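Trainee: Build me a structure from this.
(one chain, ligands or ions: 4)
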Amino acid sequence: MCHPNPDPGDMMTIATAPKCMQCHSAIKTDSPAIQKLAAFAKNDREIKWKRVYQIPAYVRFSHRSHTGAGATCADCHGAVAEREQLARETDLSMGACMNCHRLKKVSIDCGFCHDQQPGNQ
Ligand code: HEC
Ligand code: HEC
Ligand code: HEC
Ligand code: HEC
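Mentor: Ligands and ions are numbered 1, 2, ... in the order given. Purely as a prediction, here's the structure:
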């Protein structure tokens, strides 16, 4: 509910303020943060957020194909449900991608995650 995954499913996004207010019109209404959120919803403003994880654009990655294959958010992002604040706490380097692919018997061919370019073979 908080991180919709719009088509084609590569990216996770963040819910709009009115969506948050489906819960927060009744939860923690006395919190200054939630009052700010309510004002955002009322004024149709987007919630600003900071990117925590990012891989370079030359790497192919889709959230939907991974969640569809049974990978959980915690597999790649750690124990987020227990955190007050998020920080980068897991390794999402090429080696980490490859470790899981080896374990799950998924391809580790270069062209699986990188576009093949002339002279790259
Ligand atoms: C499914 C219901 C639900 C949705 C949707 C939801 N929240 Fe919450 N939110 C909660 C609950 C439950 C708590 C924890 C309340 C507690 O600690 O007692 C919480 C706590 C918070 C707090 C901490 C408030 C404080 O002062 O302790 C913030 C900030 C917050 N939510 C922001 C958001 C934002 C931004 C969104 C939308 C992106 C959102 N929430 C969507 C249920 C929800
Ligand atoms: C297989 C590993 C993996 C899984 C599973 C995964 N993520 Fe991610 N996540 C990543 C990677 C890699 C990035 C950086 C993507 C990029 O830079 O394009 C990322 C980025 C994000 C971002 C920043 C926006 C974006 O899409 O780049 C959010 C938010 C996010 N993940 C939330 C989630 C949530 C919520 C779940 C569970 C429903 C989840 N992730 C499951 C690996 C994963
Ligand atoms: C937790 C285990 C896990 C991790 C970590 C993981 N993968 Fe995967 N990946 C999978 C599985 C399982 C599949 C097979 C999905 C299917 O069969 O549709 C897959 C499929 C893929 C595909 C092909 C599907 C598509 O979307 O085209 C690509 C590309 C890919 N992974 C890239 C990555 C990259 C890049 C990373 C690191 C940032 C990564 N994976 C990390 C388990 C993982
Ligand atoms: C499972 C996905 C995956 C596969 C398979 C894969 N890579 Fe990568 N590769 C990545 C990711 C993710 C990064 C970005 C790592 C980062 O910046 O944190 C990357 C980065 C790179 C870089 C840039 C490194 C740097 O330090 O700038 C090169 C070069 C590269 N890969 C080559 C290859 C070659 C050659 C192969 C085949 C042997 C390969 N990759 C297979 C996911 C993959």
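Trainee: Give the helix, strand or coil label for the closest residue to C20 other than its chain neighbours.
Mentor: Excluding the flanking residues, the one nearest C20 by CB to CB, 6 or more residues apart in numbering is L37, at 5.7 Å. No exception for glycine: its C-beta is placed from N, CA and C like everyone else's. Under DSSP: H, G, I helix; E, B strand; the rest coil, L37 falls in the helix class.
Trainee: right, and L37 touches K19 too?
Mentor: No - with contact defined as CB atoms under 8 Å, L37 does not reach K19; the gap is 10.6 Å.
Trainee: Next up, phi/psi of E82, please.
Mentor: Main-chain dihedrals, E82, degrees, to the nearest 10: phi -100, psi 0.
Trainee: burial measure for it, as a count.
Mentor: By the measure other CB atoms under 10 Å, the count of residues near E82 is 7.
Trainee: Tell me how far the residue lying closest to K104 once chain neighbours are set aside lies from P6.
Mentor: Nearest in space to K104, with sequence neighbours left out and distances taken as CB to CB, 6+ apart, is A69 at 7.6 Å. From A69 across to P6, the span is 19 Å (CB to CB, to the nearest Å).
Trainee: if we can go back for a sec, show me what contacts the residue nearest to C20?
Mentor: Each residue near L37 by CB atoms under 8 Å, 6 or more residues apart in numbering is listed here: 17, 20-21, 24, 47.
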